[in-house]
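# Below is the sequence, then the predicted model.
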Amino acid sequence: MNILSYKKIGNGYPLVLVHGYLGGQSMWKFQEEELKNYYDLIMPSLAGYGESSHMIAPSTIEENAKQVFELLDILKIEKFNLLGHSMGGMIVQEMAVVNPERIKKLICFGTGSIGFLPNRFETIEESRTKIKKFGLNTVISEIAKTWFVDYLIGEGYQLCLDEGKKTSLQAALASLDAWERWDGRQKLKNIKCPTLIVWSNKDRSYDWNQQQILKEGIINSRMEIIENCAHNSHMEKPILFNKVVKNFLS
């Protein structure tokens, strides 16, 4: 059985962090240093990404969720807090539906329940076409720019480029298929654990309507809006983001 690569660091109650599209375990660099003092952090690289780039990536969100559970089973982590960003946010929604008894608290960050991403900066088909036409590295540099209000400020953009370049072409395309096939709206009522929805008001990947659907669909949920950030507020305003996470989990 192929198991996801991961980084595990820190002390405390387990907190599993699931990265998004074109990411990897290093996307949590600005969280790791602070949060490891409070939690046992488990940061997998999804199949086809980061340190798991040798693995074939699933073309469904459900299979991605299953692979994260398989890793946690091997690590003998039965109950945990769960945070997912972007595509990782779709994966953690699926996890919370499949095995609700294992998840103490859930954080859906910069994500939504509609897989085809209405009002995204470009359609999924446009991303797919550009990857095939111009190559993955060119597309990574363009997509990652949209994740920041100003990509030239701070280290975040370079981190996204470095991590993104590890992604396999197969994974980049398979994940787009996975989004298109997935619609979690009807399942939200099955998410029962306390849930925090974190969104940034300049996010160009997941729109405000997606956040409203999450808030209305997940009974025990509340929302935190991070102002003047784009899709990657955990890199743009890490001190604030980490504080939001700690406040909710405490």
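Alright, I've got the coordinates.
# tell me the secondary structure for the residue lying farthest from the centre of the chain?
Residue farthest from the centre of the chain, counting by Cα atoms, centre = their mean, is K133 at 26.2 Å. For K133, the assignment made with DSSP: H, G, I helix; E, B strand; the rest coil gives helix.
# Can you get me a residue count around the residue nearest to Y21 when sequence neighbours are not counted?
What sits nearest to Y21 in space, not counting adjacent residues and going by Cβ to Cβ, 6 or more residues apart in numbering, is M87, at 4.6 Å. Every residue, glycine included, has its C-beta placed from N, CA and C. Burial of M87 is recorded as 27 neighbouring residues (other Cβ atoms under 10 Å).
# which residues sit in contact with M87?
Shown in contact with M87 (Cβ atoms under 8 Å, 6 or more residues apart in numbering): 20-21, 61, 111, 175, 178-179.
# correct me, but F121 touches R204?
Yes - counting by Cβ atoms under 8 Å, R204 is a contact partner of F121 at 4.3 Å.
# got the contact list for Y38?
10, 12, 246, 249.
# rerun at 7 Å
12, 246 (Cβ atoms under 7 Å, 6 or more residues apart in numbering).
# how much space is there between it and G10?
Shown here: Y38 relative to G10, a distance of 7 Å by Cβ to Cβ, to the nearest Å.
# Next up, phi/psi of K7, please.
phi -120, psi 140 (degrees, to the nearest 10).
# Just grab the bridge partners of it for me.
M43 (DSSP bridges).
# Check the burial of it by counting its neighbours.
So K7, with other Cβ under 10 Å, has 17 neighbours.
# cool, and E216?
There are 12 residues near E216, going by other Cβ under 10 Å.
# so which strand or helix has it?
helix 208-217 (DSSP states H and E).
# Please, which helix or strand holds C108?
strand 103-109.
# Overlap in contacts, F121 and R204.
Common neighbours of F121 and R204 (Cβ under 7 Å, 6+ apart) are T146.
# State the distance from the closest residue to A47 other than its chain neighbours to R128.
Distances taken as Cβ to Cβ, 6+ apart place M55 nearest to A47, at 3.9 Å, with adjacent residues excluded. Counting by Cβ to Cβ, the separation of M55 from R128 is 21 Å.
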